[in-house]
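Engineer: sequence first, then the predicted structure:
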2 protein chains.
Amino acid sequence: MISTKGRYALRVMLDLAQQDTDSFIPLDEIAERQGISKKYLEIILKTLVSEKLLQGLRGKGGGYRLTRRPAAYTVGEILTLAEGSLATVACLQAGAEPCVRRDTCLTLPMWQQFDQLVHDFFFHITLEDLLKPPA
Amino acid sequence: MISTKGRYALRVMLDLAQQDTDSFIPLDEIAERQGISKKYLEIILKTLVSEKLLQGLRGKGGGYRLTRRPAAYTVGEILTLAEGSLATVACLQAGAEPCVRRDTCLTLPMWQQFDQLVHDFFFHITLEDLLKPPA
DNA sequence: TATTAACCTACTTTGTCAATAGGTTAATAG
DNA sequence: CTATTAACCTATTGACAAAGTAGGTTAATA
């Protein structure tokens, strides 16, 4: 289950991509347009800025803007960043301690296969793909 | 992210399938074998019994047993039951109130597509598939 | 120098996950 | 019959995260 953090992050990135401009767009504007709490968005954008997916500029005329072309962002990287991880089960998360049952676990191969599927799906969709009207 | 509820439910069903017997197996045994808290398992099995995936019998010689052949259970149905839902995003859950943005949402088609993928994956794996040693 | 707007720290509220505790009912064995 | 077994049932707990709030600080521009 993807939480609001991931979904909001994605919507903000798309919102910025839609504006199609090089100037900075203030958070107030984005929050209003998307109907998301301004203060809450702040927290989410912080991560996106620190990981260089967005550039932030303070003061008058400031705001946020993309650092790359929309085609150069994958949905997977945005979600992973905002959510912390896209792993389906705890034992497949990045820093997980090795599971005691991993050698005999009948379900592990299935989870691994599914994780691969999830990865392939989200890392092959770019922001640009989502901008195009659905077929 | 699948919680312990779903993962434990699946492991219990597999455990019972592995025993390959018609007699009832007490929860104590399953819990011990799987290394899961007995009391916690009770809660999970309650759901599985009420939905007829398992049959429970009280008293001496009692316990739990499958109601069908392992090939007649899909992983999807077990997970959906234990987790409540497999929906990826809130707006695609069973009783969700219709989203205000659904007509203009750029991400909705992607979530729908992903949900379909998840469904296809888990509802085409049976308990029997998992019993076979991985290739 | 006033205003704008990102940045930063801290807090609150709500809810779920995971588990525990203890009692009640039903089935069997002696 | 009665003791034992084991499912069934209700309630409670602690920990943690999700979602959002509040208010102050820094940096840029007009």
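Structural biologist: In hand now; what should we look at?
Engineer: could you use CA atoms for every contact and neighbour count after this?
Structural biologist: OK.
Engineer: quick one: the helices in chain A?
Structural biologist: Residue ranges of the helices in chain A, as given by DSSP state H, are A:4-19, A:27-34, A:38-50, A:75-83, A:108-122, A:127-131.
Engineer: could you redo those helices as a markdown table and give each row mean pLDDT, mean neighbour count and distance to DNA strand C?
Structural biologist: Listed next are these as a markdown table, based on pLDDT from 0 to 100; neighbours: other C-alpha atoms under 10 Å in any protein chain shown; distance: least, C-alpha to the nearest atom of the strand, whole Å:
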| stretch | mean pLDDT | mean neighbour count | distance to DNA strand C |
| --- | --- | --- | --- |
| helix A:4-19 | 97 | 18 | 12 |
| helix A:27-34 | 96 | 16 | 4 |
| helix A:38-50 | 97 | 15 | 5 |
| helix A:75-83 | 97 | 21 | 15 |
| helix A:108-122 | 97 | 16 | 16 |
| helix A:127-131 | 97 | 18 | 21 |
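Engineer: of those, which is nearest B:Leu127?
Structural biologist: Nearest to B:Leu127 among the helices of chain A is helix A:108-122; the distance by C-alpha to C-alpha comes to 11.3 Å.
Engineer: before we move on, back to that, among the helices of chain A, which comes closest to chain B?
Structural biologist: Smallest distance to chain B across those (C-alpha to the nearest C-alpha): 6.0 Å, for helix A:127-131.
Engineer: sorry, back to before: can you add distance to B:Arg11 and give the helices of chain A back as JSON lines?
Structural biologist: As requested, these are exported to JSON lines (distance: least, C-alpha to C-alpha, whole Å):
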{"stretch": "helix A:4-19", "distance to B:Arg11": "30"}
{"stretch": "helix A:27-34", "distance to B:Arg11": "42"}
{"stretch": "helix A:38-50", "distance to B:Arg11": "36"}
{"stretch": "helix A:75-83", "distance to B:Arg11": "27"}
{"stretch": "helix A:108-122", "distance to B:Arg11": "11"}
{"stretch": "helix A:127-131", "distance to B:Arg11": "38"}
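Engineer: B:Ala72 is nearest to which of those?
Structural biologist: Among the helices of chain A, helix A:108-122 comes nearest to B:Ala72, with 17.8 Å by C-alpha to C-alpha.
Engineer: what does chain A put close to chain B?
Structural biologist: Selection of chain A residues close to chain B by C-alpha under 8 Å from any C-alpha of the partner chain yields A:1-3, A:11, A:86-90, A:106-107, A:109, A:114, A:121, A:130-131, A:133-134.
Engineer: so which of the helices of chain A comes closest to B:Lys46?
Structural biologist: The closest of the helices of chain A to B:Lys46 is helix A:108-122. By C-alpha to C-alpha, the value is 24.8 Å.
Engineer: contact partners of that closest one?
Structural biologist: With contact meaning C-alpha atoms under 8 Å, 6 or more residues apart in numbering or on different chains, helix A:108-122 is reached by A:74-76, A:87-89, A:92, A:102, B:114, B:121, B:134.
Engineer: how near is the residue lying farthest from the centre of chain A to DNA strand C?
Structural biologist: Going by C-alpha atoms, centre = their mean, the residue of chain A most distant from its centre is A:Thr104, 34.3 Å out. Taking C-alpha to the nearest atom of the strand, to the nearest Å as the measure, A:Thr104 falls 20 Å from DNA strand C.
Engineer: ok, now A:Ile2?
Structural biologist: Using C-alpha to the nearest atom of the strand, A:Ile2 is found at 13 Å from DNA strand C.
Engineer: before we move on, what about A:Gln93?
Structural biologist: A:Gln93 sits 13 Å away from DNA strand C, going by C-alpha to the nearest atom of the strand.
Engineer: phi first, then psi, for the closest residue to that residue other than its chain neighbours.
Structural biologist: In space, A:Gln93 comes closest to A:Ala87 once its chain neighbours are excluded; the distance is 5.4 Å by C-alpha to C-alpha, 6 or more residues apart in numbering or on different chains. Main-chain dihedrals, A:Ala87, degrees, to the nearest 10: phi -60, psi 140.
Engineer: residues in contact with A:Ala87?
Structural biologist: Counting by C-alpha under 8 Å, 6+ apart, A:Ala87 touches A:93, A:115, B:1.
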